[in-house]
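Novice: I'll drop the sequence and a predicted model, then ask my questions.
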Amino acid sequence: MLVFATLISGSFSLGGMAARFIDPGALTAMRFVIAAAVIGTVAVATGALRRTDLASPWRYPVVGGLLAAYFVLMFEGLRLTDPVSIAAVFTMTPLMTAGLARLIVGQRANAAVLAALLLAAAGALWVIFRADLARLLSFDLGLGEAVFLVGCFFHALYIPLVRRFARGESGLAFTFWTLGAAGAVTAVYAAPALVATDWAALPPVVWTTLLYLAIGTSAVTLFLLRYATLRLPSAKVMAYGYLIPSLVAVEEGLLGHGWLAAPVLPGVVATVAALVWLVAMRDR
């Protein structure tokens, strides 16, 4: 999950540079299609695909549809509000995951786990709002935030369902069918943009971003997410997402876009301390 968070954080800077050249729906659909092709090739080459993987094939459109809905609603939310507000809403996802895991797979998060999640959320919010308490207090749940909150619910639902839907298939097989389903659903949503995009005229930064998103933050991260979900409680899995704002800030500094101000550092420390606390606990 540390690798997962690092790969996801790397997509923000690249995505910001490519966003002005391509419709986000078209970008998302293509990332899923390319990711499915890469994982499918590896799965065929290694013999990971089996006929029994398609037992209960309805599972893949369900989990793939949840991923597609999350990204679609994220982009729709970004049309209505700013990225800082979107990032703030995302801090609700691990807590929602904990509640849904209790209902779906019977995982109960004890008081210590919930306390660690709240500490990590507070640290992440401190980083997101750059230690500006006035900005944090002025946060308003508008239409864009409400739209993305629904998307976060779908993302939170995805985690326990991956565990619930496991039928003993390989991680490569499950990831391939999930990505294929997500690509099909997103392609329907983004069909007009896919047709309207002049793919041959796109600058290199878009193709670099697309390949990174497809391989690094789709194919690889979904494989890692499934691996972790089958071995860790769902709430702990999602808690690693709280590291992403701090990792993005570090990467922005390395790219020469400015380092974190000293008042923000307590938020980073709180997030890391909460995750260390979670790791030290027995899996619950």
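Specialist: The structure has been received and is ready for your questions.
Novice: Surely Tyr212 and Ser11 touch.
Specialist: Yes: Tyr212 lies in contact with Ser11 (C-beta atoms under 8 Å); the separation is 6.6 Å. Where C-beta positions appear, they are placed from N, C-alpha and C, glycine not excepted.
Novice: neighbours of Ser170, just the number please.
Specialist: Ser170: 17 surrounding residues under other C-beta atoms under 10 Å.
Novice: what's the helix or strand containing Val72 packed up against?
Specialist: Applying DSSP states H and E as the criterion places Val72 in helix 59-80. Under the contact criterion of 3 or more C-beta pairs under 8 Å, 6 or more residues apart in numbering; DSSP states H and E, helix 59-80 touches helix 24-46, helix 83-90, helix 143-165, helix 171-189.
Novice: mean confidence score for the last one?
Specialist: Throughout helix 171-189, pLDDT has a mean value of 92.
Novice: moving C-terminal of it, what's the next helix or strand?
Specialist: Using DSSP H and E, the helix or strand that follows helix 171-189 in sequence is helix 191-196.
Novice: Which helix or strand lies directly C-terminal to that following helix?
Specialist: helix 204-211.
Novice: tell me the mean pLDDT over that following helix?
Specialist: So the average pLDDT for helix 204-211 ends up being 91.
Novice: Give the buried residues for it.
Specialist: For helix 204-211, the buried set under the neighbour-count rule, 16 or more other C-beta atoms under 10 Å, comprises Val206, Thr209, Leu210, Leu211.
Novice: Need the residues you listed in JSON lines (columns: distance to Leu172).
Specialist: Formatted as JSON lines, the buried residues of helix 204-211 follow (distance: C-beta to C-beta, whole Å):
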{"residue": "Val206", "distance to Leu172": "28"}
{"residue": "Thr209", "distance to Leu172": "24"}
{"residue": "Leu210", "distance to Leu172": "22"}
{"residue": "Leu211", "distance to Leu172": "19"}
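Novice: circling back: among the helices and strands packed on helix 59-80, which comes closest to Val250?
Specialist: helix 83-90 (15.4 Å; C-beta to C-beta).
Novice: now for that closest one, which elements pack on it?
Specialist: Using 3+ C-beta pairs under 8 Å, 6+ apart, helix 83-90 sits against helix 59-80, helix 111-128, helix 143-165.
Novice: a markdown table please, covering the ones you listed and showing mean neighbour count, distance to Trp277 and mean pLDDT.
Specialist: Output for the helices and strands packed on helix 83-90, formatted as a markdown table (neighbours: other C-beta atoms under 10 Å; distance: least, C-beta to C-beta, whole Å; pLDDT from 0 to 100):
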| stretch | mean neighbour count | distance to Trp277 | mean pLDDT |
| --- | --- | --- | --- |
| helix 59-80 | 20 | 27 | 88 |
| helix 111-128 | 20 | 5 | 89 |
| helix 143-165 | 20 | 20 | 91 |
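Novice: Tell me what angle the helix holding Val72 forms with helix 171-189.
Specialist: Helix 59-80 and helix 171-189 are oriented at 50 degrees to each other (axes from the mean of the first three to the mean of the last three C-alpha atoms, to 10 degrees).
Novice: Leu49: what secondary structure?
Specialist: Here Leu49 is recorded as coil under DSSP: H, G, I helix; E, B strand; the rest coil.
Novice: can you start the count at 40 instead of 1 from here on
Specialist: With the count now opening at 40, the last piece we talked about shows up as Leu88.
Novice: So it is in contact with Phe213, correct?
Specialist: No: Leu88 lies out of contact with Phe213 (C-beta under 8 Å); the separation is 10.5 Å.
Novice: Look at those two and report which has more neighbours.
Specialist: Higher neighbour count among Leu88 and Phe213: Phe213, with 26 against 19, using other C-beta under 10 Å.
Novice: wait, what's in contact with that one?
Specialist: Shown in contact with Phe213 (C-beta atoms under 8 Å, 6 or more residues apart in numbering): Asp92, Tyr99, Val201, Ala205, Arg265.
Novice: Okay, angle between the strand or helix carrying Leu53 and helix 122-129 too, please.
Specialist: Remark: Leu53 resides in helix 41-57, with elements defined by DSSP H and E. Taking the same axes, to 10 degrees, one finds helix 41-57 and helix 122-129 inclined to each other by 150 degrees.
Novice: Quick one: residues in contact with helix 41-57.
Specialist: By C-beta under 8 Å, 6+ apart, helix 41-57 touches 66, 244-245, 247-249, 251-252, 255-256, 259-260, 263-264, 267, 279-280, 282-283, 286-287, 290-291, 294, 296.
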